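# need a 3D model of the following:
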Amino acid sequence: MKRKFFSSAVAMVLAVSVSFAANDPIINEEAKATFRKEFAGAESVRWIEAGEYIKASFVYQGCSTEAWFSQEGELKGTVRAVFFSQLPLAVVTSVNKKFEKPDVLDTYEISNDNGTSYRITLVSGKNKYKVLVDASGNISDKTKLK
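This next block holds a predicted model:
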């Protein structure tokens, strides 16, 4: 009886392992090499293919971070979660002037070929917004959420 139970358990573990292994994306070595160079010490790395890009999600220096790579392994951009208080003063001032007593829900720093910008989700009054602000404090996109 014990042998049958053990055999069944081993068979289930193997079946589950094979099914998950089949879904792992094959990531090119160029992207991995660029990642190791740029983000030495990163933890909890997960790779996925996202359309024409390869995305690595990981924890870097205590921050939840994503790095986006081309199929050739070139780093195209990064996104990391940050606190509102960590943003440049121009960004904080601009948001506080534009929205009355904003309650900030989340903040992401986006860095790519276009520079650095910040995606902020906030509540002001009875409305919820998602805004995109550049490093100088210029609000380039404001979307009211339902």
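
# burial of Ala56, as a residue count?
The tally of other residues near Ala56 (other Cβ atoms under 10 Å) stands at 24. C-betas here are computed from N, CA, C, even on glycine.

# identify the residues contacting it.
For Ala56, the contacting residues are Ala31, Phe35, Phe39, Ala42, Val45, Arg46, Trp47, Glu66, Ala67, Phe69, by Cβ atoms under 8 Å, 6 or more residues apart in numbering.

# just the buried residues of the residues you listed.
Ala31, Phe35, Phe39, Ala42, Val45, Trp47, Glu66, Ala67, Phe69 (16 or more other Cβ atoms under 10 Å).

# of those residues, closest to Ile139?
Proximity of those to Ile139 was ranked by Cβ to Cβ; the top entry is Glu66 with 23.0 Å.

# and the closest one, what are its bridge partners?
Assessed by DSSP bridges, Glu66 has beta-bridge partners Ser57, Val79.

# so it is in contact with Lys55, correct?
Yes: proximity of Glu66 to Lys55 meets the contact threshold set by Cβ atoms under 8 Å, at 5.8 Å.

# overlap in contacts of the two?
Counting by Cβ under 8 Å, 6+ apart, Glu66 and Lys55 have no contacts in common.

# picking that back up, among the buried ones among the contacts of Ala56, which are in strands?
Those of these mapping onto strands are Val45, Trp47, Glu66, Ala67, Phe69, per DSSP state E.
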